[in-house]
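>>> Provided below are the primary sequence and the corresponding predicted coordinates.
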Amino acid sequence: MNRNLILAFETSCDETSVAVIENGDKILSNIVATQIKSHQRFGGVVPEVASRHHIEQITGCIDDALTKANVSYDDLTAVAVTYGPGLVGALLIGVTAAKAVAWAHNLPLIPVNHIAGHIYGARLVKPIEFPAMALVVSGGHTELVYMKEENSFEIIGETRDDAAGEAYDKVGRVLSINYPAGKEVDELAHKGNDTFNFPRAMDQDDNFDFSFSGLKSAFINTVHHADQIHESLSREDLAASFQQSVVDVLADKTVRALHEYPVKQLILAGGVAANRGIRERLTDELAKFSNTELVLVPLSLCGDNAAMIGAAGEMLYRHSISSDATLNADPSLDFDWIGEA
Amino acid sequence: MAKILSIDTSNTPLSISVVEDDFVMASETLTTHKKHAEYMLPIIEDLVKKSGLTPAGIDKIVVATGPGSYTGIRMATTVAKTLASTLEIPLITVSSLWSLALNRFDSDALINPIFDARNGNMFTGLYKRNGNKLESVVADQHTNIDNWIPVLKNYSDKIEVLGDIGELSAQLTAEVSTLTVLPRQFAVPNATLMAIHANDFKPVDNVDAVVPNYLRLTKAEADWQKAHPNEGNDNYVEKY
């Protein structure tokens, strides 16, 4: 059998990543140059700084990915690249480099939606079975996506304000935890109890949307009020209460969505999918669904990486999706809402 | 006979040429759009094809890496370094101000290319012909008009200003008597001239290390450095 080899690019935020994926589900290489240490100086991602780091790293990452995979340009089947959503200046580095490589070696260019990449990262664990649903939770995104079949993505719910990961970072700042705060808040939360009973926004609403800005404000107000009256609050309990609110809303909405849209698999993906609290809760909830399997994207592939873009890219390649050299970055690229398409 | 792909998208104009040593094969200049992300690769494809070449037929790349619009210089630099790396061909990087100054290569005057950076700020440098080379007299820099005018007044030579500089023009002509602001036709870089004049320049040693010449830190980094004067500014990216 001929090998399908995709050279994949991902530069939508603060990781420069290039990967080689074989037949859509095998990682031959997945090079990630992360800028976290740089942006930690500023307490969050600075877009212009991100773009500058991407251009420093891009060709070195390509070389490393090919070398580690032990393949040459002649072996490749196609080039895949994230073209949105994300930071426009950051996306443009990957898109431009991918276009240049595709043209130089006469390879098809496959445009990949970053969120589709996060979801298809699950392929690297086991084949996706349809219909499927994905809960994508990261620093920039919180959405429930229904997939009736391969290459079909319909939004059934999404955040109306902050992404869950964004709320983690803002709450982290109040607790003097540097960006990205998710992991440390998660660890603190496991040592505390939900004593503050923060709001569960939109939990009872008749839709599958999320809102985290009210929770963030409630958290900040609680801490500031305590500061003013010189009362000290338990960081562990604060973190546990915040996390419990996030987990409750994510889990409740997901469970209700699963009742309305029965699926064979629920895929948990995105940077915040590494959160232990969310993984544990969804594992418990899914135990009650005998026909739905929970697929947890492994921790090593939860953050942004090009392997997942290659996994989605191979699927798109089989569906004859490609772009010409006019491909541009689309920072607010989005799936259609269910029933819209 | 070297086939050179030459790219300048430092500001609103886009200029791309395929040049054989000292003679243009195909060239395109656009000033009506700033859609470099969309147009640059299709134009390169088209010009290389019309030159009767394939990508593998390109022998070297010349690129203007800045200063200029951050996105503009990143687009050109990304395409240039990726092509040089993937095709394993030499890459020559040049100043975007030098590239524009080549429009007046034949002049005996001091050539002063200026990129307007708004609010009186500018990227600029001073150039003069020496034999068959256009050499830097005052290094490329990010400055403002009030600091730049005294620099120009140090010279008794005639000065020719090139660039789409809007309101800066009036103040420069009023305060520097030796200076002429040339018509807008000289404000558009010419990738063909760039390729011809850079043909014998030394290629970069390490293509992977090529970055745009921004001549300016981001505000976030500048503020951080001010607050942390003793810390270095490298090794902030970790690869695994």
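It's in.
>>> State the distance from A:Glu158 to A:Phe212.
A:Glu158 sits 12 Å away from A:Phe212 when distances are taken as CB to CB, to the nearest Å. No exception for glycine: its C-beta is placed from N, CA and C like everyone else's.
>>> Now do the shared contacts for those two.
A:Thr142 (CB atoms under 8 Å, 6 or more residues apart in numbering or on different chains).
>>> helix or strand right after whichever strand or helix holds B:Ser99?
Per DSSP states H and E, B:Ser99 falls inside helix B:96-101. Sequence order places strand B:110-116 as the next helix or strand after helix B:96-101, per DSSP H and E.
>>> Which secondary structure elements does the helix or strand following that next one sit against?
Helices and strands here follow DSSP H and E; after strand B:110-116, the next one along the chain is strand B:121-130. Counting contacts by 3 or more CB pairs under 8 Å, 6 or more residues apart in numbering or on different chains; DSSP states H and E, strand B:121-130 is packed against helix B:96-101, strand B:110-116, strand B:133-144, helix B:145-153.
>>> residues contacting B:Gly127?
No Gly there; residue B:127 is Tyr. B:97-98, B:101, B:110-113, B:134-137.
>>> any chance of these in TSV, plus distance to A:Glu15 and neighbour count?
What follows is those, written out as TSV (distance: CB to CB, whole Å; neighbours: other CB atoms under 10 Å in any protein chain shown):
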residue	distance to A:Glu15	neighbour count
B:Leu97	33	31
B:Trp98	35	21
B:Ala101	39	29
B:Leu110	46	23
B:Ile111	43	27
B:Asn112	42	29
B:Pro113	37	29
B:Leu134	41	20
B:Glu135	42	11
B:Ser136	38	14
B:Val137	43	15
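>>> And those, which is closest to chain A?
Chain A lies nearest to B:Leu97 out of the contacts of B:Tyr127, by CB to the nearest CB, at 19.9 Å.
>>> Would you enumerate the residues in contact with that closest one?
By CB under 8 Å, 6+ apart, the contact list for B:Leu97 reads B:67, B:113, B:115, B:123-125, B:127, B:140.
>>> Would you state the predicted confidence (pLDDT) at it?
Model confidence at B:Leu97, given as pLDDT, is 98.
>>> Next: B:Asn121.
On the pLDDT scale, B:Asn121 gets 96.
>>> Same check on A:Ala341?
pLDDT, read off for A:Ala341, is 57.
>>> Disregarding flanking residues, what is the spatial nearest neighbour of the residue of chain B found nearest chain A?
Nearest residue of chain B to chain A (CB to the nearest CB) works out as B:Tyr236 at 3.4 Å. Once flanking residues are discounted, B:Tyr236 sits nearest to A:Ser38: 3.4 Å by CB to CB, 6 or more residues apart in numbering or on different chains.
>>> residues in contact with the helix or strand A:Ser38 falls within?
Under the criterion of DSSP H and E, A:Ser38 resides in helix A:36-40. The contact list for helix A:36-40 (CB under 8 Å, 6+ apart) reads A:14, A:45-46, A:49-50, A:53, A:178-180, B:235-238.
>>> For the residue lying farthest from the centre of chain A, give me phi and psi.
The outermost residue of chain A, judged against the average C-alpha position, is A:Ile229 (39.4 Å), by CA atoms, centre = their mean. The phi and psi values for A:Ile229, taken as degrees, to the nearest 10, are phi -100, psi 20.
>>> dump the residue contacts of it.
Counted by CB under 8 Å, 6+ apart, A:Ile229 has zero contacts.
>>> In chain B, which residue is most central in space?
B:Ser96 (1.1 Å).
>>> wait, doesn't that one sit right on B:Tyr70?
No - the criterion here is CB atoms under 8 Å, and B:Ser96 misses it with B:Tyr70 at 11.9 Å.
>>> returning to what we had before: residues contacting the residue nearest to the centre of chain B?
Contacts of B:Ser96 (CB under 8 Å, 6+ apart): B:8, B:10-11, B:64-68, B:73, B:115, B:189, B:213.
>>> from what I can see A:Val125 touches A:Leu294, true?
No - using CB under 8 Å, A:Val125 is not in contact with A:Leu294; the gap is 11.2 Å.
>>> how does chain B divide up, domain by domain?
Chain B breaks down into these domains under automatic domain parsing: B:3-95+B:189-217, B:97-187.
>>> so how far is A:Ala311 from the residue in the stretch 101-250 of chain A that chain B sits nearest to?
When scored by CB to the nearest CB, the stretch 101-250 of chain A has A:Ala104 as its residue closest to chain B, at 4.5 Å. Going from A:Ala104 to A:Ala311 by CB to CB gives 24 Å.
>>> Equivalent analysis for B:Met194, please.
41 Å.
>>> Comparing these two, which residue is more hemmed in?
A:Ala311 (31 against 27; other CB atoms under 10 Å in any protein chain shown).
>>> any weak-confidence spans in chain A?
Applying pLDDT under 70 to chain A picks out residues A:1, A:341.
>>> Which parts of it are helices?
A:36-40, A:47-69, A:88-104, A:114-120, A:164-174, A:182-189, A:213-228, A:235-260, A:276-286, A:306-318 (DSSP state H).
>>> what angle sits between the longest one and helix A:276-286?
In terms of direction (axes from the mean of the first three to the mean of the last three CA atoms, to 10 degrees), helix A:235-260 departs from helix A:276-286 by 30 degrees.
>>> Which of the three states applies to the residue of chain B closest to chain A?
coil (DSSP: H, G, I helix; E, B strand; the rest coil).
>>> Burial check on it, number of neighbours?
B:Tyr236 - counted by other CB under 10 Å - has 18 other residues nearby.
>>> Who are the contact partners of residue 70?
Since no chain was named, I'll use chain A. A:Leu28.
>>> Let me rephrase: I mean chain B.
A:48, A:51, A:89, B:212, B:214.
>>> how about the nearest residue to the residue in the stretch 201-341 of chain A positioned nearest to chain B, chain neighbours excluded?
Closest to chain B within the stretch 201-341 of chain A is A:Ala325: 3.9 Å, counting by CB to the nearest CB. For A:Ala325, ignoring the flanking residues on the chain, the nearest one in space by CB to CB, 6+ apart is B:Leu41 at 3.9 Å.
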